[in-house]
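> Quick one: sequence and predicted model below, then my questions.
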Amino acid sequence: MSKIILLDIDGTLVDYEGRLPDSAVGAVRSARANGHRVYICTGRSRAEIYPSLWNIGLDGMIGGNGSYVESGGEVVMHRTLTLDQCRRAVDWLHDRGLEFYLESNSGLYASERFETGALRAFREYSARKGDATPDKTIRDHFPDMVFDGDLYRDDVNKISYVLGSYRDFLDAREAFPDLQNGTWGGRGATALFGDFGVPGITKAHAIDELLAHLGADRADTIAFGDATVDVPMLDYCAYGVAMGNGSQDVKAAADLVTDDVEDDGLAHAFERLGLV
């Protein structure tokens with residue numbers, strides 16, 4: 001029976017320094033050769049899916065935390081913030097003095113002082129993920145980021161911003177009840193970032209859209225992840241796999257805990273599940 005395999009990227013398919021293990025590439029290619037379909041399911045927008053990932057050989061992607069679904073080169077679903085929602089969010093973030101970037105399929109568009117103002121948060125985020133490179137820059141994190149683009153846009157999947165404190169998220173949630181409000185880079189008060197997304201959009205909803213398009217059954221889904229944000233995806237799919245480097249809540253939600261991403265964890269799980 002062919003499966004629909006859904007892979008988180010960072011910490012699952014690639015390690016926390018962005019390296020793609022050869023074993024993971026081989027596992028994905030072998031699984032597809034065996035008739036299974038493989039999709040990435042990520043918070044990244046399409047602009048952050050670089051050629052090295054597509055070159056693995058993928059059937060498509062779910063991006064923007066569920067706002068975008070693509071299969072076989074065809075756009076299945078795409079929901080974006082309205083121009084008015086984007087403008088109001090950008091103005092609020094400017095007034096609050098928070099640095100941010102707009103995540104669109106056409107590119108990532110940074111606020112005016114993002115390159116310096118976001119550096120501390122991204123270095124902390126990298127350190128929490130096991131990459132403590134002391135001189136890593138924002139341009140290392142985002143090699144194709146646009147630093148002088150228009151910030152009032154109608155093609156935005158979501159907006160991520162650096163939290164000054166957890167109060168910023170709480171106030172954002174109150175100010176924007178018409179948007180999906182979330183945090184990442186930690187739980188609760190330890191979160192480093194907040195985000196604004198399209199209301200009602202989740203990875204689970206996007207998987208539903210994909211399955212309907214494919215005429216496939218939820219019972220045939222297998223999800224792989226490593227972070228708290230992946231827990232709903234693991235809960236939704238018929239079978240969930242946590243990476244050995246994953247957080248404890250992901251491991252608790254999983255049906256299987258495999259090895260670390262750097263120890264060929266993805267390939268070992270594919271072998272154990274008979275996908276290759």
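Looks like it came in fine.
> List of residues touching stretch 260-276?
If you take CB atoms under 8 Å, 6 or more residues apart in numbering as the criterion, stretch 260-276 is touched by 3, 5, 7, 11-16, 21, 23-24, 26-28, 30-31, 34, 36, 222, 224, 226, 239, 241, 243-245, 256, 258-259. (C-beta placed from N, C-alpha, C; glycine too.)
> Quick one: mean pLDDT over the longest helix along the chain.
Secondary structure of the chain per DSSP state H: the longest helix is helix 83-96. The average pLDDT within helix 83-96 is 98.
> Tell me, how many residues neighbour L256?
15 (other CB atoms under 10 Å).
> Quick check: closest non-adjacent residue to it.
Closest residue in space to L256, ignoring its immediate chain neighbours: V241 at 4.8 Å, by CB to CB, 6 or more residues apart in numbering.
> so who does the one you found touch?
V241 neighbours (CB under 8 Å, 6+ apart): 222-225, 234, 254-258, 269, 273.
> again, only using 10 Å
Applying CB atoms under 10 Å, 6 or more residues apart in numbering to V241 gives the contacts 5, 7, 12, 222-226, 230, 234, 250, 254-258, 265-266, 269-270, 272-273.
> one step back: what are the buried residues along the longest helix of the chain?
Of the residues in helix 83-96, 85-86, 88-90, 92-93 count as buried by neighbour count, 16 or more other CB atoms under 10 Å.
> Same question for stretch 185-193.
185-186, 191-193.
> Quote the end-to-end distance of that stretch.
End-to-end distance for stretch 185-193: 6 Å, by CA to CA, to the nearest Å.
> which residues touch it?
Taking CB under 10 Å, 6+ apart as the rule, stretch 185-193 contacts 98, 100-101, 118, 120-122, 124-125, 128-129, 160-163, 165-169, 182-184, 194, 227-229, 247, 249.
> where do the strands sit along the stretch 101-250 of the chain?
With strands called from DSSP state E, counting those that start in this stretch, the stretch 101-250 of the chain shows them at 107-110, 156-162, 180-184, 193-197, 221-225, 239-242.
> okay, those, which one's buried deepest?
Among the strands of the stretch 101-250 of the chain, strand 221-225 has the highest mean neighbour count (mean count of other CB atoms under 10 Å), at a mean of 27.
> what's the nearest residue to the residue sitting nearest the centre point of the chain if we skip its chain neighbours?
In the chain, the residue lying closest to the centroid (CA atoms, centre = their mean) is G43, at 2.1 Å. The shortest distance from G43 to any non-neighbouring residue, by CB to CB, 6+ apart, is to N65 (4.8 Å).
> picking that back up, remind me what the longest helix of the chain packs against, helices and strands.
Counting contacts by 3 or more CB pairs under 10 Å, 6 or more residues apart in numbering; DSSP states H and E, helix 83-96 packs against strand 100-104, strand 156-162, helix 166-175, strand 193-197.
> need the buried residues of helix 83-96 in TSV with distance to Y109, can you?
Shown next, in TSV, are those (distance: CB to CB, whole Å):
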residue	distance to Y109
Q85	15
C86	10
R88	16
A89	13
V90	10
W92	16
L93	13
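> and Y152, how many neighbours?
12.
> Can you list phi and psi of it for me?
phi -100, psi 100 (degrees, to the nearest 10).
> contacting residues around the closest residue to it other than its chain neighbours?
In space, and not counting its chain neighbours, Y152 is closest to R87: 5.0 Å by CB to CB, 6+ apart. Residues near R87 by CB under 10 Å, 6+ apart: 81, 151-154.
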